[in-house]
Structures are given as structure tokens and as C-alpha cells.
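> 3D model of this:
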Amino acid sequence: MTATGNASSTESVGRAGPIAARRARWIGEQYADITKLREIAARQDRSGGRATQRATRLNTKIEKLRHQSTVLREKSQHVLAEIPPVEQRIKQYERDVEATGRGSDGPSAGSDVTALSYRIRKLQQKVADYSQKSKALELRAATKTQRMAELKVKADRYVESARFAEAEATAYRQRADRLQLVAEQDVATHLAQSAAPAKSPIGDEPPGTL
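Have a look, this model is predicted:
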């Protein structure tokens, strides 16, 4: 190996030193970017998971309210079903009063008529109570239905947020994968270029010389 070859190889390595350092620094920055992208993707996954969890909880509350509302409406219908028999009894009492020929409620009315009139008033009061109870049950059912609709809107928003977060996480992961592929190719190129100068001085010697 000649002195001229040693000098040229040393000069080439010296020139390659800063370039190699810059390339290594660039590769390190690429890996830092990859780590950051994967961190953002993980945060988006966590955000989407929380939104999905909240939507699931709201859907559970919605089903509970739907069940309660259905039960209340069934109770209301059951209460309303009690009214027709009572009305039939009122009509029967009214026919009994007319049959006596004393339909007035004055002082001259007989005791049977006044007793029937009192029963009619009590049954009419029962009909009014049944009607009011049914309306109260319907109001409670309507209130729960309204609350259910409000929660449904919130649940839909959380579902939409979860979908958006999942899409963002997928996009960041894909960017990280592409950048990692480029970084790995750069590493392979850097290693190949680093190995080439080490072999070049041997290649400069004339063939057949020792």
C-alpha cells in the first residue's frame, strides 16, 4: 500500500465524517418523528375508547329509560281499563234512579234515590281519580321519553367522536409506518455507504501485489 493511497483514503474519510454525522442525526430525527406519531395515535385511540365507553353507558341509560317508560304506559293503560266497568255501574245506577220516578236530588227524594245518587257521585269521583292517575303516569312516561331522546343525541355525538378519533389514529399509524419504512431504507443506505470507504483502499492496490 502506497503513501499516496493512505493520504487519499484519510482525506475521503475526513470528508465523509460530517456527512455521516448529519445523516445519522437525520435518521435519529426520523425515529423521533415516528415515536411522536405513534404517541399521537395512541392518544387518539384512548380518546376514541373513552368516547365509545361513554356512548355505551348512555345507551344503557337509554334502554333503562325506555323500559321504565314502557312500564309506565302499560300501567296507564291498565288504569284506563278500570274506567269502563265503573262507567257501566254509573249508568246502571242512573237507570235505577230513573226507574223510581224520583230523579231529583231535592229534600223530597227517597232514601233509596239519595243512596244511589251518592254511589253515582263516588263512582264519578273514582273515574276522575283513574283518569288523573293515568295522565300522571303518561306524563312521567313522556318525561322519560324526552330524557331518552336527549341522551340519544349525546350518545350519537360520542359515537361520532369515537369514529373520528379512530380514523385519526389510523392515519397517524399509517404515517408512522411509512416514515419507519423510509428510515429503515436510509439506515441500510447509510450502512452500505459507511462500509464502502473501508474497502476502497484495498481496491486501489494493483492486482497481484502483496
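
> list the buried residues for stretch 81-90?
83, 86, 90 (16 or more other C-beta atoms under 10 Å). Where C-beta positions appear, they are placed from N, C-alpha and C, glycine not excepted.

> with stretch 118-127 instead?
For stretch 118-127, by 16+ other C-beta under 10 Å, it's 119-120, 123, 126-127.

> same check on stretch 132-150?
For stretch 132-150, by 16+ other C-beta under 10 Å, it's 134, 137-138, 140-141, 144-145, 148.

> can you redo those as TSV with pLDDT, secondary structure and distance to residue 30?
TSV is the format used below for the buried residues of stretch 132-150 (pLDDT from 0 to 100; DSSP: H, G, I helix; E, B strand; the rest coil; distance: C-beta to C-beta, whole Å):
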residue	pLDDT	secondary structure	distance to residue 30
134	95	helix	72
137	96	helix	67
138	96	helix	66
140	96	helix	63
141	96	helix	61
144	96	helix	56
145	95	helix	56
148	95	helix	51
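
> of all the residues you listed, which two lie farthest apart?
The largest separation in the buried residues of stretch 132-150, counting by C-beta to C-beta, is between 134 and 148 at 20.7 Å.

> ok, back up a step: out of the buried residues of stretch 132-150, the closest to residue 77 would be?
residue 134 (7.9 Å).

> quick one, what contacts that closest one?
76-77, 79-80 (C-beta atoms under 8 Å, 6 or more residues apart in numbering).
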